[in-house]
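Engineer: With the sequence up front, the predicted model follows.
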Amino acid sequence: DERYILKLFRKLESGINPDVEIGQALAEQQFEGTVPKMHAILTYKHEGQAFTYGVIHRYLDGAKTAWDVLLEHLKAAVQVQEPQSSAALEPACQMASALGTLTARMHTLLANAAGPDFAAEGWTASERELLSTSQAEYSAKQIALLRERFTQLPADTQPLAKLVIDGQQKLLARFAAWKSIQDCGQRIRIHGDYHLGQVLVTLRSNDSAKHDYWAIDFEGEPARPLAERRRKRSPLQDVAGMIRSLHYAVSQTRLSHAANASGNSWAAAAYPQLVTAFITAYDAELKVDGLLPAPHSDDRQKMLDLFI
């Protein structure tokens, strides 16, 4: 009685779509419980070029996004009498831990995928320079756009925008610190656009008290060129994306349900607990030696700072 869901790609480019490519690579391994099974790929050819315009996956009945589920846990936590207690945050931290495990399983599978397009590689000097330069150029464009549209922003948003604009030099210094990193780990194919909205949560069929977590949408950021989305990167880029998403979830909860001084204190306590739970589970589950700089090392922190 399995059901299916059809996903269509709005932006078409010739060549293999990363969502299909990674889905096929994961299908060759024990991926069940990590990504929904892919059943069919829809392509067409035009003037000798192949375009992928859709993919059919297993439909996960009753699934919610990890974003929605975590917000439910955080809302419940912030509304109890002692919201900063470990007991209040335990369901949210357990979920963060499960996300860390999922992320590590995903990276382990991708690092072990067959073929030269997936084989782990070290960082060359040109790759390091490319990352540092591209990150700096991208941030400069975004800050320039923010300056251009500053007066169009709501009045209560302008102070935050000014903080970003005024902090441009600090941001550039963070990118420059990348060049001082000694151990960068390795580059592999990664998710590329990883956050709470890219994970689905389902009740486990044989135990409704437990949940399964599924990573979806491996095409990367659709606005970026196909070749860039297929480039090998540090897994820490995905890790940073999820950490950033955890911060968004805590901030959203504070703004919606505790927009006061006590809410600020709660958020300041909740966020690091979620990150610790996520990172601890990730490091415990990752099964690839040398993929990342050593836990708690300066090199790893510099790389996380760069991607966050």
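Structural biologist: Here it is on my side, so go on.
Engineer: Can you show me the helices along this protein?
Structural biologist: 18-27, 66-78, 86-111, 125-148, 158-166, 168-177, 226-229, 236-257, 261-285, 298-307 (DSSP state H).
Engineer: Alpha carbons only: can I get the fifth one in CSV?
Structural biologist: Listed next in CSV are the C-alpha coordinates belonging to helix 158-166 (Å, rounded to 0.1, in the frame of the first residue of the first chain):
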residue,chain,number,x,y,z
GLN,A,158,16.4,48.8,10.5
PRO,A,159,18.5,48.7,13.7
LEU,A,160,19.2,45.0,13.0
ALA,A,161,20.0,45.7,9.4
LYS,A,162,22.5,48.4,10.6
LEU,A,163,24.2,45.9,12.8
VAL,A,164,24.8,43.7,9.8
ILE,A,165,26.0,46.5,7.7
ASP,A,166,28.3,47.9,10.4
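Engineer: what residues does it touch?
Structural biologist: Here helix 158-166 makes contact (CB atoms under 8 Å, 6 or more residues apart in numbering) with 143, 146-147, 150, 153. Any C-beta I mention is one placed from the backbone N, CA and C, and that applies to glycine too.
Engineer: Mean confidence (pLDDT) on it, please.
Structural biologist: Here helix 158-166 scores 93 as its mean pLDDT.
Engineer: can you give me how far it is from the chain middle?
Structural biologist: Centroid separation for helix 158-166 versus its chain: 25 Å, with CA atoms, centre = their mean, to the nearest Å.
Engineer: How about the shortest one?
Structural biologist: Relative to the mean C-alpha coordinate of its chain, helix 226-229 is positioned 17 Å out (CA atoms, centre = their mean).
Engineer: Buried ones in that helix, by neighbour count?
Structural biologist: Buried residues in helix 226-229, counted by 16 or more other CB atoms under 10 Å: 226, 229.
Engineer: Stretch 294-303 too?
Structural biologist: Quick answer for stretch 294-303 (16+ other CB under 10 Å): 299-300, 302-303.
Engineer: so how far is the first residue of it from its last?
Structural biologist: In stretch 294-303, first residue to last residue: 12 Å (CA to CA, to the nearest Å).
Engineer: Also stretch 113-128?
Structural biologist: For stretch 113-128, the end-to-end distance is 23 Å (CA to CA).
Engineer: Ok, stretch 178-198 next?
Structural biologist: 28 Å.
Engineer: List the buried residues of it.
Structural biologist: Applying 16+ other CB under 10 Å to stretch 178-198 flags 178, 181, 184-196, 198 as buried.
Engineer: distance between that stretch and the chain's centre?
Structural biologist: Worked out by CA atoms, centre = their mean, stretch 178-198 lies 10 Å from the chain centre.
Engineer: Need the pLDDT of S251.
Structural biologist: So S251 comes in at 94 (pLDDT).
Engineer: How many residues are close by the residue nearest to it when sequence neighbours are not counted?
Structural biologist: Nearest non-adjacent residue to S251, counting by CB to CB, 6 or more residues apart in numbering: A267, 6.6 Å away. Per other CB atoms under 10 Å, the neighbour tally for A267 reads 21.
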